[in-house]
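> next come a sequence and a model predicted from it.
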Amino acid sequence: MNLATLVFASVAAVTTIALDNGLMKTPPMGWLAWERYRCNVDCENDPKNCISENLFIDMADRLYEDGWKELGYNYVNIDDCWTLRERDQQGRLQADPKRFPGGIKRLADYMHNRGLKLGIYGDMGTYTCMGYPGTPVEKIQVDALTFAEWEVDMLKYDGCYSNDTDQALGYPLMAKALNNTGRPIGYSCSWPAYQGGLPPKVNYTQLGEICNLWRNYGDIQDSWSSVLMIIDWVFTNQDVLTPAAGPGKWNDPDMLIIGDFGLSLDQSRSQMALWAIMAAPLFMSTDLRTISGEARTILQNKMIISIDQDVLGIQGRRILKEKSNIEVYWRPLSNNASALVFFSRRTDMPYRYKTSLSKLNYTTGTYKVHDVFTDKTDVLMDSTVFEVAVNPTGVVMWYLSAPAKPQSLHFLRGGKRHGAAYDPEENGIPQGFL
């Protein structure tokens with residue numbers, strides 16, 4: 001059978017498969033090495049921070065001992081640069097024995113003994129992004145079986161050094177191969193990120209059938225500008241992305257960089273709040289051994305985590321962009337509750353934003369409001385005009401309880417909000433701020 005015939009037969013065999021692992025009904029949470037540690041393999045000169053068994057054990061210990069696991073952070077995920085440069089004599093990937101002396105199976109056992117899960121990284125190209133052995137189409141079966149034998153719990157499947165044809169064939173084939181191992185392995189696809197993230201090149205219906213989560217934009221960097229670029233891309237394209245997400249299938253805007261070097265305290269709160277509005281996977285990439293108390297408080301905020309993990313699994317939306325550079329984001333939650341985020345793009349000083357729930361298209365009624373960062377509660381009538389003070393590049397985030405729920409059709413019909421909410425007298429830029 002020639003290659004063209006083989007490819008055609010393989011595509012025909014996978015076009016009807018669906019992901020059948022029952023995993024990630026809420027967005028997965030945990031720790032991921034890449035943003036903080038990249039491809040640091042210099043264990044001789046930097047033993048505490050190199051990609052090694054010891055690093056992942058250290059992070060597992062912190063998740064287990066410092067209260068993270070109980071909050072839902074239960075994955076410890078290896079990224080690129082964990083293998084030797086060559087496969088073994090049987091054609092299998094092999095961990096670098098100098099950095100992983102016990103192999104991946106021993107590391108997985110360590111995680112499981114602590115009630116945690118281990119994630120691993122592969123790439124469907126001939127090489128990984130950093131030049132280590134990839135998992136091209138002809139290696140998918142053997143690598144899926146190898147990961148299952150090692151008792152890995154999640155695979156991030158990247159797409160460097162591959163082309164459109166490889167990706168169209170390989171990403172569904174890996175889903176089938178993982179399913180066929182009999183081991184439930186969460187599947188993170190980078191496919192849409194290599195196709196521009198949008199239809200017609202990206203078929204989100206198909207992605208939801210073969211992947212638990214997917215990267216659809218570039219890598220996050222340790223900077224506020226990078227966070228803003230991701231926020232802008234996701235919410236500019238929310239009409240495409242929001243319907244794609246749901247229990248077991250999530251848009252992944254990439255890692256949380258809270259606790260690293262690039263974000264202020266307010267910006268850290270903003271990332272956490274908007275990732276929760278997005279129903280995003282929450283994978284921290286920071287040093288949990290030295291994390292500050294302020295960063296820990298943000299990442300361990302129980303109410304924000306509960307919003308992110310809401311069982312309805314509906315991704316939220318941006319509903320307003322004001323001339324004052326205040327934006328309002330909204331997410332419907334279970335039990336007729338909802339979340340609101342007031343986000344400032346300003347860089348000058350705190351801004352006092354006035355509105356009412358009725359102007360945000362909430363139905364008539366009285367609402368209990370819980371500020372997730374200050375822990376203060378209040379009761380608001382829908383018609384009551386209120387004011388929130390939003391710091392530059394910061395957020396105010398509310399959890400609103402029943403009795404009434406937002407008129408979601410106002411936001412969702414055609415992706416456009418119906419009814420005016422902008423009042424130039426209330427929300428214009430005060431002269432003193434110019």
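Looks like it arrived, so ask away.
> in the stretch 151-300 of the chain, where is pLDDT below threshold?
Scanning the stretch 151-300 of the chain for pLDDT under 70 picks out no residues.
> show me where the stretch 301-434 of the chain has helices.
Using DSSP state H, counting those that start in this stretch, the helices of the stretch 301-434 of the chain run over 302-308, 408-412, 424-427.
> compare those helices and say which comes out lowest on pLDDT.
Looking at the helices of the stretch 301-434 of the chain, the lowest mean pLDDT belongs to helix 424-427 (a mean of 38).
> residue 123 and residue 171: what is the separation?
Noted for residue 123: a distance of 12 Å to residue 171, by C-beta to C-beta, to the nearest Å. From N, CA and C alone the C-beta is placed, and that goes for glycine too.
> how about the strands of the stretch 201-350 of the chain, start to end?
For the stretch 201-350 of the chain, the strands defined by DSSP state E, counting those that start in this stretch occupy 213-215, 250-252, 282-284, 317-321, 326-332, 338-344.
> let me know which of those strands is the nearest to residue 303.
strand 338-344 (9.2 Å; C-beta to C-beta).
> just checking, what packs against that closest one?
For strand 338-344, the packing partners by 3 or more C-beta pairs under 8 Å, 6 or more residues apart in numbering; DSSP states H and E come out as helix 265-277, strand 326-332, strand 385-390, strand 395-400.
> centre-most residue in the protein?
residue 281 (3.2 Å; C-alpha atoms, centre = their mean).
> please name the residues that touch that residue.
By C-beta atoms under 8 Å, 6 or more residues apart in numbering, the residues touching residue 281 are 27, 28, 29, 213, 250, 252.
> ok, now residue 308?
Residue 308 touches 26, 27, 275, 276, 279, 280, 282, counting by C-beta under 8 Å, 6+ apart.
> ok, back up a step: pick out whichever of residue 123 and residue 171 has more residues nearby.
Remark: of residue 123 and residue 171, residue 171 carries more neighbours, 26 against 23, as counted by other C-beta atoms under 10 Å.
> how many residues are close by residue 183?
Other residues within reach of residue 183, judged by other C-beta under 10 Å, total 17.
> swap that for residue 150, please
A count of nearby residues for residue 150, using other C-beta under 10 Å, gives 20.
> phi, psi of it?
Phi and psi for residue 150, reported as degrees, to the nearest 10, are phi -80, psi -10.
> repeat that for residue 154.
phi -160, psi 140.
> that one reaches residue 188, doesn't it?
Yes: with contacts counted by C-beta atoms under 8 Å, residue 154 reaches residue 188, the gap being 6.7 Å.
> what's the overlap in contacts for these two?
In terms of C-beta under 8 Å, 6+ apart, residue 154 and residue 188 are both contacted by the residues residue 119.
> pick out whichever of these two has more residues nearby.
Just comparing residue 154 and residue 188: by other C-beta under 10 Å the higher neighbour count belongs to residue 154, 27 against 24.
> ok so, going back, measure the residue nearest to the centre of the chain to residue 60 for me?
18 Å.
> same deal with residue 314?
Residue 314 is 32 Å from residue 60, where distance means C-beta to C-beta.
> more neighbours, the two?
Set residue 314 next to residue 60 and count neighbours by other C-beta under 10 Å: residue 60 wins out with 26 against 19.
> which strand or helix spans that one?
Using DSSP states H and E, residue 60 sits within helix 53-65.
> the contacts of residue 281 into JSON lines, with extra columns for neighbour count and distance to residue 376?
Formatted as JSON lines, the contacts of residue 281 follow (neighbours: other C-beta atoms under 10 Å; distance: C-beta to C-beta, whole Å):
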{"residue": "27", "neighbour count": "27", "distance to residue 376": "27"}
{"residue": "28", "neighbour count": "27", "distance to residue 376": "31"}
{"residue": "29", "neighbour count": "24", "distance to residue 376": "26"}
{"residue": "213", "neighbour count": "25", "distance to residue 376": "34"}
{"residue": "250", "neighbour count": "25", "distance to residue 376": "31"}
{"residue": "252", "neighbour count": "25", "distance to residue 376": "32"}
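> which among these gets closest to residue 368?
Checking the contacts of residue 281 against residue 368 by C-beta to C-beta gives residue 27 as the nearest, at 25.3 Å.
> quick check: that closest one is in a helix.
No: counting by DSSP: H, G, I helix; E, B strand; the rest coil, residue 27 is not part of a helix but coil.
> doesn't residue 282 make contact with it?
Yes: contact criterion C-beta under 8 Å: residue 27 and residue 282 qualify, at 6.5 Å.
> re earlier: and the furthest pair within the contacts of residue 308?
Among the contacts of residue 308, 26 and 275 lie farthest apart (C-beta to C-beta), at 13.4 Å.
> name the residues that touch stretch 329-342?
Under C-beta under 8 Å, 6+ apart, the answer for stretch 329-342 is 235, 273-274, 276-277, 279, 307, 310-312, 314-319, 326-328, 343, 353, 360, 388, 390, 395-406, 408, 411.
> would you mark the buried spots in it?
For stretch 329-342, the buried set under the neighbour-count rule, 16 or more other C-beta atoms under 10 Å, comprises 329, 330, 331, 332, 333, 337, 338, 339, 340, 341, 342.
> for residue 234, see how far away residue 144 is.
Noted for residue 144: a distance of 30 Å to residue 234, by C-beta to C-beta.
> please apply the same query to residue 194.
For residue 194 relative to residue 234 (C-beta to C-beta), the value is 17 Å.
> swap in residue 321?
Distance from residue 321 to residue 234, by C-beta to C-beta: 14 Å.
> so which of these two has more stuff around it?
Shown here are residue 321 and residue 234; by other C-beta under 10 Å, residue 234 has more neighbours (24 against 14).
> show me the contacts for that one.
With C-beta under 8 Å, 6+ apart, residue 234 has these contacts: 217, 241, 251, 253, 278.
> surely residue 388 meets residue 353?
Yes: taking contacts as C-beta under 8 Å, residue 388 lies within contact range of residue 353: 5.3 Å.
> what about residue 101, how many residues nearby?
If you count neighbours by other C-beta under 10 Å, residue 101 ends up with 12.
> repeat for residue 323
Neighbour tally, residue 323, other C-beta under 10 Å: 10.
> outline the domain layout of the protein.
12-308, 317-433 (automatic domain parsing).
> ok, which stretches of the stretch 151-300 of the chain are helices?
For the stretch 151-300 of the chain, the helices defined by DSSP H, counting those that start in this stretch occupy 164-180, 204-210, 224-236, 238-244, 265-277, 293-299.
> looking at those, which is nearest to residue 50?
Between residue 50 and the helices of the stretch 151-300 of the chain, the tightest spacing by C-beta to C-beta is seen for helix 293-299, at 22.7 Å.
> which neighbouring elements make contact with that closest one?
So helix 293-299, by 3+ C-beta pairs under 8 Å, 6+ apart, packs with helix 265-277.
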